[in-house]
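**Student:** Build me a structure from this.
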Amino acid sequence: MGKPQLIVITGPTATGKSALALELAIRYNAEIVSADSRQVYRYLDIGTAKPTAHEQAQVPHHIIDVVNPDGQFDTARFRTLAHEAIHDIIQRGKRVLVVGGTGLYIRTLTRGLFSGPQADPTLRRHLETQEKEQGRGFLHAWLQKIDPDAAQRLHPNDTIRLIRALEVWLLSGKPMSVWQREHGFQECPFSTLILALAVERETLAQRIEQRCQTMVRAGLVDEVRRVWDMGYDVNLSVLHTIGYAQVGHMLNGRYTLAEAVAQMAKETRRLAKRQLTWFRTEPGVRWFLPGQAREIDTAVKEFLRVF
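**Tutor:** Numbering: from 1, shown residues only. I've put the predicted structure just below:
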């Protein structure tokens, strides 16, 4: 018996991954495993572009709404939950679509996870305290000094991954980027088709601007207020990610609404650039334009041997 088959749909944000995934899932009797590092959080729906209730009713989605905004979630847990979901989906005779733009999640699912030092909760709390006391950006600046390769791939507000990278170095004396190079990500537990969507830069910028405006009209400001009113610390890492950070600054009087939207779009464009750089270096990725529906469908049929 061959390896289980996975179809991965990825690429930069705002390229239409979710819509394509929904279409393919319905056509090929598949369920969707989310590979998005923010959609795992409950109550954060609009700013993470989480599938709507209607979309989730059309096609089952997995690894969405897993933890509260103050919960811990890392790559290792994603990989464990993804393997469990994939096994369950296949056991029920359905196909699997993995969808999202978190490159490290997709890499570790399809090519393995290096076995670095185990998590140290005490050290993690100490690093979190350092970030609060020294100011946001402290951990990123520290990582830049000891592991510039890892720092280049991480946003200064990505506290969870910054803490893990520093934790690996502090516990082992070896930078995370070295661990990753030595591991090589050569495990292949699945037979995988990786489809990536990309659009021309100016078009993507327009899509991002429209997406930010749509999120605000859909109630992003009220979503941030609601999470704050639930008692969650405004300094939580996830509340300093794109959309939530800028709206938070608006609510605190730092930005006008127009300025918040402009900053959202700016940071989203930067994210898209980082994602594009990441996936262009990943092996086996097949690139398509969102409008190439026929070509994408042909690639899927050839992979699944369905004609």
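**Student:** Any buried residues in the strand or helix carrying T268, and which?
**Tutor:** In the assignment (DSSP states H and E), T268 maps to helix 257-280. Applying a neighbour-count criterion of 16 or more other C-beta atoms under 10 Å, the buried positions in helix 257-280 are 260-261, 263-269, 271-272, 274-276, 278-279. For glycine as for every other residue, the C-beta is placed from the backbone atoms N, C-alpha and C.
**Student:** same question, stretch 30-46
**Tutor:** Residues of stretch 30-46 classed as buried by neighbour count (16+ other C-beta under 10 Å): 30-41, 44-46.
**Student:** how far does that stretch stretch from start to finish?
**Tutor:** Start-to-end span of stretch 30-46 (C-alpha to C-alpha, to the nearest Å) is 25 Å.
**Student:** Distance from that stretch to the middle of the chain?
**Tutor:** 9 Å (C-alpha atoms, centre = their mean, to the nearest Å).
**Student:** ok, now stretch 273-283?
**Tutor:** 13 Å.
**Student:** Repeat that for stretch 140-149.
**Tutor:** 22 Å.
**Student:** Give me the residues contacting it.
**Tutor:** By C-beta atoms under 8 Å, 6 or more residues apart in numbering, the surrounding residues in contact with stretch 140-149 are 150-151, 154-156, 162, 165-166, 169, 175-177.
**Student:** what comes into contact with stretch 40-57?
**Tutor:** 13, 18, 22, 32, 34, 36, 38-39, 61, 63-69, 71, 73, 78, 211, 215, 218-220, 223-224, 226-227, 230, 238, 241-244, 247.
**Student:** Are any of those buried, and if so which?
**Tutor:** Applying 16+ other C-beta under 10 Å to these flags 13, 18, 22, 32, 34, 36, 38-39, 61, 63-66, 69, 73, 78, 211, 215, 220, 223-224, 227, 238, 241-244, 247 as buried.
**Student:** Inside helices: which ones of those?
**Tutor:** Among these, the members falling in helices are 18, 22, 78, 211, 215, 220, 223-224, 227, 244, 247 (criterion: DSSP state H).
**Student:** mind putting those residues in a markdown table, distance to C188 and pLDDT included?
**Tutor:** Formatted as a markdown table, those follow (distance: C-beta to C-beta, whole Å; pLDDT from 0 to 100):
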| residue | distance to C188 | pLDDT |
| --- | --- | --- |
| S18 | 26 | 96 |
| L22 | 27 | 97 |
| F78 | 18 | 96 |
| R211 | 34 | 97 |
| M215 | 37 | 98 |
| L220 | 40 | 98 |
| E223 | 40 | 98 |
| V224 | 41 | 98 |
| V227 | 40 | 98 |
| Y244 | 36 | 98 |
| V247 | 41 | 98 |
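**Student:** any chance of these in JSON lines, plus distance to Q144?
**Tutor:** Shown next, in JSON lines, are those (distance: C-beta to C-beta, whole Å):
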{"residue": "S18", "distance to Q144": "33"}
{"residue": "L22", "distance to Q144": "39"}
{"residue": "F78", "distance to Q144": "25"}
{"residue": "R211", "distance to Q144": "30"}
{"residue": "M215", "distance to Q144": "31"}
{"residue": "L220", "distance to Q144": "31"}
{"residue": "E223", "distance to Q144": "33"}
{"residue": "V224", "distance to Q144": "30"}
{"residue": "V227", "distance to Q144": "30"}
{"residue": "Y244", "distance to Q144": "24"}
{"residue": "V247", "distance to Q144": "28"}
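**Student:** Quick check: of those residues, which lies closest to I86?
**Tutor:** Using C-beta to C-beta, F78 comes nearest to I86 of those, at 12.0 Å.
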